[in-house]
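Asker: make a model of this:
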Amino acid sequence: MLNPHLSLSPEVRTALDENRPLVALESTIIAHGMPYPQNVETALLVEKTVREAGAIPAACAIIGGKLVAGLSTDEIELLGKEGAKIPKASRRDLAYLVSQGKHGATTVASTMIVAHLAGIRIFATGGIGGVHRGGATTMDISADLQELARTPVAVVSAGAKSILDLGLTLEYLETMGVPVVGYRTEEFPAFYTRRSGFGVDFRFDSAVEIAQLLKTKWEIDPRGGVLIANPVPEKYQLDADLMEKTIGEAVAEAERQGIRGKAITPFLLAKIEVLTGGRSLQTNIELVLNNARLGGEVAVVLNTREFKQI
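Answerer: As a prediction, the model looks like this:
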């Protein structure tokens, strides 16, 4: 039975009825991740990439107090134009925004929730949140990590954003029992770069192998997700040493301005874009497209007769 707060687009509803592969997409990247009109152009290109891989895109957001899976072009345009005026919605914000009939841009955590309510198993994004630098004392830890431990949706990302403490983020995921899979890599990618110095739990070189792991994992325990780490294509990655220096400058500026909580990630990404002369934005776009492609491929395999009985 459909959740009373959930709204499916006609295309997503038909895909579910016909057992066609679906890939969830988040909307924070539209409202908070990029400037207009690049955010809208990128969102539409991501949807096109999912379709080319053989799956149906299901962008998620809160529109007029409804949890929506499958945004229309007009709704994507609305989120893109309104930008930061649209509240950034994680798990704790959903009930408030829905009860008040408001709009909201879904994060990784809240997109996983909407996807799960809709019956969508695969979600492609840019990078997940994690433990922020200094998190051992500030306890600034993204709700994305808890969601990965509790909600059965597989998340394809270019690792975690390199503005975070990647070592502590991976330790947290290990503690919560979340498998971290590297797609054609044994090293956890650091969003803008392919290398972080940290390993993944398991390496797989095909969508079929990933689908087999997902099927087996959810047969053993239906709770919790899997993080599929897909490195940014080599030709688009940024220099690791330069990015560490740039991120350090951005973090220091955020501390000087007292920026914390939900505002920290958009601030850092915008500051990094300025410091890199716009190169970080292009890398961000390319890695999202790369994740959408892999997400579509995994969704197609997971939807075959051999795998979909989970």
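Asker: only C-alpha atoms for contact and neighbour calcs from this point on.
Answerer: Fine.
Asker: residue boundaries of the helices in the stretch 51-200 of the chain?
Answerer: With DSSP state H, counting those that start in this stretch as the criterion, the stretch 51-200 of the chain has helices at 73-82, 94-99, 108-118, 135-138, 143-150, 166-175.
Asker: deepest of the ones you listed, which one?
Answerer: helix 108-118 (a mean of 25; mean count of other CA atoms under 10 Å).
Asker: and it, what does it pack against?
Answerer: strand 6-8, strand 22-25, strand 56-63, strand 66-69, helix 143-150 (3 or more CA pairs under 8 Å, 6 or more residues apart in numbering; DSSP states H and E).
Asker: ranking these by burial, who's on top?
Answerer: By mean count of other CA under 10 Å, those have strand 22-25 as the most buried, with a mean of 31.
Asker: list the contacts of that strand.
Answerer: The contact list for strand 22-25 (CA atoms under 8 Å, 6 or more residues apart in numbering) reads 12, 15, 50, 55-60, 69, 111, 115, 120-125, 295-296, 299-300.
Asker: rerun at 7 Å
Answerer: Outside strand 22-25, the residues that touch it by CA atoms under 7 Å, 6 or more residues apart in numbering are 55-60, 115, 120, 122-125, 295-296, 299.
Asker: got the CA positions of it in PDB?
Answerer: The C-alpha trace of strand 22-25 is given here as PDB (Å, rounded to 0.1, in the frame of the first residue of the first chain):
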ATOM      1  CA  LEU A  22      14.600   2.500 -11.400                       C
ATOM      2  CA  VAL A  23      17.300   4.700 -10.000                       C
ATOM      3  CA  ALA A  24      16.600   7.300  -7.300                       C
ATOM      4  CA  LEU A  25      18.300  10.700  -7.500                       C
END
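Asker: and that strand, how far out from the chain middle?
Answerer: 10 Å (CA atoms, centre = their mean, to the nearest Å).
Asker: show me what the helix or strand following it is packed up against.
Answerer: From strand 22-25 onward toward the C-terminus, using DSSP states H and E, the following helix or strand is helix 28-31. On a contact count with 3 or more CA pairs under 7 Å, 6 or more residues apart in numbering; DSSP states H and E, helix 28-31 meets helix 38-52, helix 73-82, strand 105-106.
Asker: and the first one, average pLDDT?
Answerer: Confidence for helix 38-52, expressed as mean pLDDT, is 97.
Asker: pull out the buried residues from that helix.
Answerer: N39, V40, T42, A43, L44, L45, V46, E47, K48, T49, V50, R51 (16 or more other CA atoms under 10 Å).
Asker: report the contact partners of the closest residue to the second one other than its chain neighbours.
Answerer: This means V40. Distances taken as CA to CA, 6 or more residues apart in numbering place G80 nearest to V40, at 5.5 Å, with adjacent residues excluded. Residues near G80 by CA under 7 Å, 6+ apart: I30, A31, Y36, P37, N39, V40.
Asker: for the longest helix anywhere in the chain, buried residues please.
Answerer: Longest helix in the chain, counting residues (DSSP state H): helix 279-302. Burial within helix 279-302, assessed by neighbour count using 16+ other CA under 10 Å, is assigned to 279-281, 283-302.
Asker: what about the residue of the chain positioned farthest from its centre, distance to T265?
Answerer: Relative to the centre of the chain, the most outlying C-alpha is that of R256, 28.5 Å out, by CA atoms, centre = their mean. Distance, R256 to T265, by CA to CA, to the nearest Å: 15 Å.
Asker: repeat that for V181.
Answerer: Using CA to CA, V181 is found at 24 Å from T265.
Asker: do the same with F123
Answerer: 20 Å.
Asker: before we move on, what about T283?
Answerer: Using CA to CA, we find T283 at a distance of 16 Å from T265.
Asker: so what's E18 up against?
Answerer: Counting by CA under 7 Å, 6+ apart, there are no residues that E18 touches.
Asker: repeat for P21
Answerer: Here P21 is in contact with A55, I56, A299, V300, N303 (criterion: CA under 7 Å, 6+ apart).
Asker: so how far is M112 from it?
Answerer: Using CA to CA, we find P21 at a distance of 16 Å from M112.
Asker: appreciated, that's everything.
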